[in-house]
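Participant: Predicted model and sequence below, questions to follow.
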Amino acid sequence: MKTPNPNSSALEAAAIIAMDSIELPLISEAFPKRPIFLSKLSCGLFGISDDEIEDYQSLDSLFIKNRFNTFFFKAAGDSMEPTIFEGQILIVDRSKKNFNGKVCAVVYEEKIICKRVIIKGDLIILKSDNQKYKDIIIQNNENIVFWGVVTAIAGFIE
């Protein structure tokens, strides 16, 4: 377990401790690949044949660019609608460092939350895509740790 730096903030220490409690599986196999079809998916009645396979695609290689810095979260709440809906899986890449304008996972007030990050000088705005929520305004980077960038969303259709 990593020991937080004595000079680190309580938020940074909480993020380090939270990360150390997660056990990641070791992956030694290549990502499995799935077919990509040439034709569009019609909702009518027809058959798909092997003649229509264009190539093979691994969902892992499509969505996970850095496997040791990619994490999955389940979205909760409606503050990021219509971009993100409750129950969708957020794919977060911690290796990305360009947060401005991006939907990000951030540690704010000792909680990890999902917001769009707008940086204007020393001012940071954590913005909900849902207009019924107010912006969170932060000055001088106080009480915030950038955790990662949401790079993709996955979900189920019921």
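Facilitator: In hand now; what should we look at? Residues are numbered from 1 along each chain as shown.

Participant: Test my guess that Ala152 contacts Phe63.
Facilitator: Yes. The criterion here is Cβ atoms under 8 Å, and Ala152 meets it with Phe63 at 4.8 Å. The way it works is simple: take the backbone N, C-alpha and C, and place the C-beta from them, glycine included.

Participant: who touches both of these two?
Facilitator: Common contacts of Ala152 and Phe63 (Cβ atoms under 8 Å, 6 or more residues apart in numbering): Ile91.

Participant: Name the residues of stretch 119-134 that come out as buried.
Facilitator: Using 16 or more other Cβ atoms under 10 Å as the burial criterion, the residues of stretch 119-134 that qualify are 124, 126-129, 133.

Participant: Looking at the residues you listed, spot the one nearest Asn140.
Facilitator: Asn140 has its nearest neighbour among the buried residues of stretch 119-134 in Ile124, at 9.0 Å by Cβ to Cβ.

Participant: Touching, that closest one and Ile138? I think so.
Facilitator: Yes. Distance between Ile124 and Ile138: 4.3 Å, which falls inside the contact criterion (Cβ under 8 Å).

Participant: Could you dump the buried residues of stretch 119-134 into a markdown table with pLDDT, secondary structure and distance to Ile118 added?
Facilitator: Shown next, in a markdown table, are the buried residues of stretch 119-134 (pLDDT from 0 to 100; DSSP: H, G, I helix; E, B strand; the rest coil; distance: Cβ to Cβ, whole Å):
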| residue | pLDDT | secondary structure | distance to Ile118 |
| --- | --- | --- | --- |
| Ile124 | 93 | strand | 7 |
| Leu126 | 95 | strand | 8 |
| Lys127 | 97 | strand | 6 |
| Ser128 | 96 | coil | 12 |
| Asp129 | 97 | coil | 12 |
| Tyr133 | 97 | coil | 14 |
